[in-house]
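Chemist: Fold the stuff below for me.
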Amino acid sequence: MDSELSVLKDILKELIGVLRKQDFLTYFKKVSILEHTADTIVFGVVSSFMRDNLSHKFYDEIKVATMKICPTITIIDFRIDKNIDNPSHSGVVDCPIFYKEVTSKKKRDDTYGAEVV
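Modeler: Numbers count the residues shown, from 1 in each chain. A predicted model of the protein is given here:
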């Protein structure tokens, strides 16, 4: 499960780099990986609203990001994860929290690397 969580976080980091902040925070609430094989990845989402929006509005971006992390993936699907809100479900990424972690770390890194004149 830890490797799937790592894969999921890497994919989400790619998406944070290409999607508008508002789109990411609106349409990516909680995400999990329900299935991951050599050629297939199935993302778990909170609701049919999320499933439909991710599969229609952001499919191309999700596919590109997924293939950067898992080049052999040819099938991407979205399903409702009935356990996504279960606190013991360790394979879930809470996207708004993750967004803050990624972007604040990037800001710290950018500030730390800045040259003071």
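
Chemist: how about the residue lying closest to His89 once chain neighbours are set aside, phi and psi?
Modeler: Distance criterion Cβ to Cβ, 6 or more residues apart in numbering; nearest residue to His89, sequence neighbours excluded, is Asn83 at 4.9 Å. C-beta: built from backbone N, CA, C; applies to glycine. Dihedral angles of Asn83 (phi, psi; degrees, to the nearest 10) stand at phi -100, psi 10.

Chemist: avg pLDDT for stretch 26-46?
Modeler: The average pLDDT within stretch 26-46 is 95.

Chemist: can you check stretch 56-76 too?
Modeler: 96.

Chemist: just to revisit the earlier point, hmm, the residue nearest to His89 is touching Ser90, no?
Modeler: No: here Asn83 lies out of contact with Ser90, judged by Cβ atoms under 8 Å, at a distance of 10.7 Å.

Chemist: So which residues of this structure form helices?
Modeler: Ranges of helices within the chain are 2-18, 21-27, 48-57, 59-69, 95-113, based on DSSP state H.

Chemist: Run through the neighbouring helices and strands of the second one.
Modeler: The contact analysis (3 or more Cβ pairs under 8 Å, 6 or more residues apart in numbering; DSSP states H and E) places helix 21-27 against helix 48-57, helix 95-113.

Chemist: winner for burial among the ones you listed?
Modeler: helix 48-57 (a mean of 15; mean count of other Cβ atoms under 10 Å).

Chemist: Now do that helix: distance to the chain's middle.
Modeler: 14 Å (Cα atoms, centre = their mean, to the nearest Å).

Chemist: for stretch 32-46, same thing?
Modeler: The answer for stretch 32-46 is 11 Å, by Cα atoms, centre = their mean.

Chemist: still on that earlier bit, I'd like to know which of the helices and strands packed on helix 21-27 lies nearest to Asp10.
Modeler: helix 95-113 (10.8 Å; Cβ to Cβ).

Chemist: Give the rounded mean pLDDT of the closest one.
Modeler: Here the average pLDDT along helix 95-113 is 76.

Chemist: Please report the distance of Lys82 from Leu34.
Modeler: Applying Cβ to Cβ, to the nearest Å, the value for Lys82 to Leu34 is 10 Å.
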